[in-house]
Structures are given as C-alpha cells and as structure tokens.
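S.K.: Pasting a predicted model and its sequence here:
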Amino acid sequence: MHILCCGGIGEHGRSCLLLKADDGSCLMVDCGVAHELTPGHPGRYPSLPADLPDAFPLLLTHTHEDHVAAVPRLIAEGYRPQVYASSLTAELAPGYCRTWLKTVDKAIAASGGQRPYSEEDISAIAWHMLPHDGACRIGPWTLRHGMAAHAPGSCWFHLSHAERPSFSIGISGDWTTKSVVYPSPEFPSCDLFITDASGSEKDDEGREQLETLLSCFRERPILLPLPVIGRSQEMLAVMASMPELTGTAGAVVMDRTLVNGLDIWLKDKNISARGRATLIRAKQLFESGQWVAVSRAEDIPHGPRVIGAANAMLSSGLSAAAGRQVLAEDGLILFSGHAAPGTPGRQLLDSGHPQSRRLPWKVHPSIHDVEKAASAVRPSAMILVHTPLDKARSMAAQLESRCGTKVFAPAVGDMLTI
Ligand SMILES: [Zn+2]
Ligand SMILES: [Zn+2]
C-alpha cells in the first residue's frame, strides 16, 4: 500500500491524500483548496499524480473549503470521482464550493488568473451518503466512520483493503476535544493513524478568552469575523450562556447566515444534550428579538455590541463592511481561525494593528490531545498532517519519544510505502 501526499501535509490548506493498494485500486481522502490569493494565481490546489485513474472513490472528512473546494476541479479536469460523505457534508459542500468560486472570481477580476471550475462541475458531483453508523464496503475497501467534533457532519475514517484485511488505517480528519457542543471523538484502534496536528501547542481555553474579551462589549464594538458554519455557532452557544450578553437587548448582532447555521448544527445527531440545549437557547434569543439577526451591512447598528459576520478573513460579505465600521468606531476585531495570506484579515494581523487580535479557538487538537489519542488508538506508526512542516517535524520528534511509536511528518509530493 502506498500513501501519496497530494496536499495539506507539511502545510495548511488543500488537504488531499491518495491511498494506492498494490492491485492498483486508489482511494482519495479530501480534495480541498489552499486559500491563497496571489496575483494571477487565485488559490492553490492538490498536486495530483499523472497516473491517477479516471474514476476512484473520494471520501470527504468534512465540509470546509480546505477539504472539499477542489472536488469540482477534478470533474472539470475529466475525472469521475464517486464522492462519499456524511449527509450533512454532502448537503453543505456545494455551498462551500460556490463560495470559493465567488472568491476566485473576485480575485480574477482584480488581478487575473484562471477559473478552476464552473457551476456545472459543482452540480455534477456524484454523491454517496455514508450510513449514519456502522461499516460499509466501497469496492475492495472496508470503511468505518465516526464523528470528529470539528464541524457539523465531520468524520473520522477507519479503512482496510481486501488485499490485507488485517492492516487498518485511521484517518482523523480535522478534530478537537474542545467542542462545546460535541463529545470528544473516540477513534478505534488501527495500525497507521493519520492525524490532524494543527492545534496550538498550548492547551489554552478559547472559551475563557472569548468570555474575557467579550466582557468589554459595553465599551466598544467587537467584531468576530467567522466562517458560515463552524466555530460561529459554537461561539453563539457560549454567548447564550453569558448572562451579561443574554440580559442586554441588542448586545449581540449576527449575520443572518450565521444564525441560520444553528439549524444545520441542530440536524447533527452527534451533538451532546447540553450542546443541543445551548444552541436552542441561542436560536430563541434571536427569535424573541433580544439578539438581532441582520442580512445587510447597512443594518448593523453603530455603537458598542458584539457583532458576528461572515467571512472569517474579512475578504467579503458582511464582515468586510462590518470591519470598516468597527475600525472607524475604535472597536476591536477578533480573529479566531486560520488567516490565509493575502486576505485583509491576515494583513491587519501582520501589521500589528492595535484594533486587531488573535483569539485562538480550539477546533484542532493540541499535542497533548494527539498523544492521548495515540495511547487509545495504539498505532504502530503515525503521520501528522494539516500543519506546517517545521511544526509537524518538531511535534513528530516529541511524540516519538513520548509514545514510543514511529511518527512521520512528510511533505507534499512524498510517497510512503507501508
Ligand atoms: Zn476544518
Ligand atoms: Zn482543515
């Protein structure tokens, strides 16, 4: 069996792994984009081998653009992937691809480049829903999956091949133990564990920081640029349990697309009872008018309050307009996720702008989380993915000595034979 690193390994973005069995059968896991908009090159895509067959199964761990937004590009290039995902990922991923296409179109209009695919390629994706639980067979592969606590519908995978059924590969997808609405994921034991290693090394608590930072909402406007689905709704769940925010009319003003995201989360059967209750509470605060949902930038009120708007990097949507407004009003902008190079959010942070701050929000595992997972999974080898090479290498060295397991930190283009 060979594992080919096509993207998202030794780097962040364009996640894509290709498993190739000795009988030639291939299986791809994720096919995303790197959100890097350099002049003439709107986005980076997985680096695919020349001998990739026309048709192959493609498993998607979750719906974020760095895992799904390059799938239509495969179709535009003539491949016919059969795409397997949880029902929520299948429902949400086309929207993520459309958003990516809009971002690219904007970048092309400003500084040239080529469109990676069209709307027709997005509509042509051949979807296969994974069963809610249990194992399934995809050609010679046997697949199990479970929830990864990272985003609605996010999954880990456990794979074996008919040629060598006793050997199993666990693929964590993006995962976290810090979700406020999901229980922690439970990975089954496997021989090779391929895990997200992109959390910060410190085990600091995003939730506590959010509460501290939001406590100054009465003095100045605070903007949270957020993804449409993901930590946005987790943050709403945290805010719904903060009396100073729930007790003040209009204290929270949110982009309607983020509020609508609450219903998407509530569809996920894997969220905890407590998580469900806090999401419902947040929804009720908007329904009762205590908190305000807005659809247009001009409806965002002036003055101190907490504002949440998509997109997460201030590049488009309500957050771009809200960002200008909050800066003009001496407010604070809190970035809680990956800020891709070339985006207004990254520029603001890199310039050390006094009105911008990073608020680490844990949707990825820390080294301690990875170490704990390894002691449960007991693999004979691990591969660290979804993080820059220098960080992956330093983590690999630490984990090797702590876990007594071989830990690899490969780079894009590398092929591992197991
Ligand atoms: Zn993700
Ligand atoms: Zn990711």
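M.R.: Everything's here; your move. Ligands and ions are numbered 1, 2, ... in the order given.
S.K.: Who are the packing partners of the strand or helix carrying Glu234?
M.R.: With elements delineated by DSSP states H and E, Glu234 resides in helix 231-239, which encompasses its position. Using 3 or more C-beta pairs under 8 Å, 6 or more residues apart in numbering; DSSP states H and E as the contact test, the elements touching helix 231-239 are helix 206-214, strand 252-255, helix 256-266, helix 273-287, strand 306-309. In short, each C-beta sits where N, CA and C put it, glycine included.
S.K.: okay if I get the ones you listed as JSON lines plus mean neighbour count and distance to Pro116?
M.R.: As requested, the helices and strands packed on helix 231-239 are exported to JSON lines (neighbours: other C-beta atoms under 10 Å; distance: least, C-beta to C-beta, whole Å):
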{"stretch": "helix 206-214", "mean neighbour count": "17", "distance to Pro116": "33"}
{"stretch": "strand 252-255", "mean neighbour count": "26", "distance to Pro116": "26"}
{"stretch": "helix 256-266", "mean neighbour count": "19", "distance to Pro116": "24"}
{"stretch": "helix 273-287", "mean neighbour count": "17", "distance to Pro116": "34"}
{"stretch": "strand 306-309", "mean neighbour count": "26", "distance to Pro116": "26"}
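S.K.: so which of the ones you listed gets nearest ligand 2?
M.R.: Set against ligand 2 and scored by C-beta to the ion, the helices and strands packed on helix 231-239 come closest in helix 206-214, at 16.6 Å.
S.K.: Flag every buried residue along the following helix or strand past that closest one.
M.R.: The C-terminal neighbour of helix 206-214 among helices and strands, as given by DSSP H and E, is strand 222-225. By neighbour count on 16 or more other C-beta atoms under 10 Å, the buried set for strand 222-225 is 222-225.
S.K.: just stretch 35-52 next, same as before
M.R.: Within stretch 35-52, the residues that qualify as buried are 35-37, 42-46, 48, 52, counting by 16+ other C-beta under 10 Å.
S.K.: Quick one: end-to-end distance for that stretch.
M.R.: 24 Å (C-alpha to C-alpha, to the nearest Å).
S.K.: Please apply the same query to stretch 210-219.
M.R.: Its first and final residues considered, stretch 210-219 spans 16 Å by C-alpha to C-alpha.
S.K.: The helices and strands packed on helix 231-239 into TSV, with extra columns for distance to ligand 2 and mean pLDDT?
M.R.: Written out in TSV, the entries for the helices and strands packed on helix 231-239 read as follows (distance: least, C-beta to the ion, whole Å; pLDDT from 0 to 100):
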stretch	distance to ligand 2	mean pLDDT
helix 206-214	17	75
strand 252-255	22	97
helix 256-266	18	96
helix 273-287	21	96
strand 306-309	21	96
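S.K.: In space, what's closest to Val385 - neighbours in sequence excluded?
M.R.: Taking C-beta to C-beta, 6 or more residues apart in numbering as the measure, Val385 lies nearest to Ile9, with 4.8 Å between them; neighbours along the chain are not counted.
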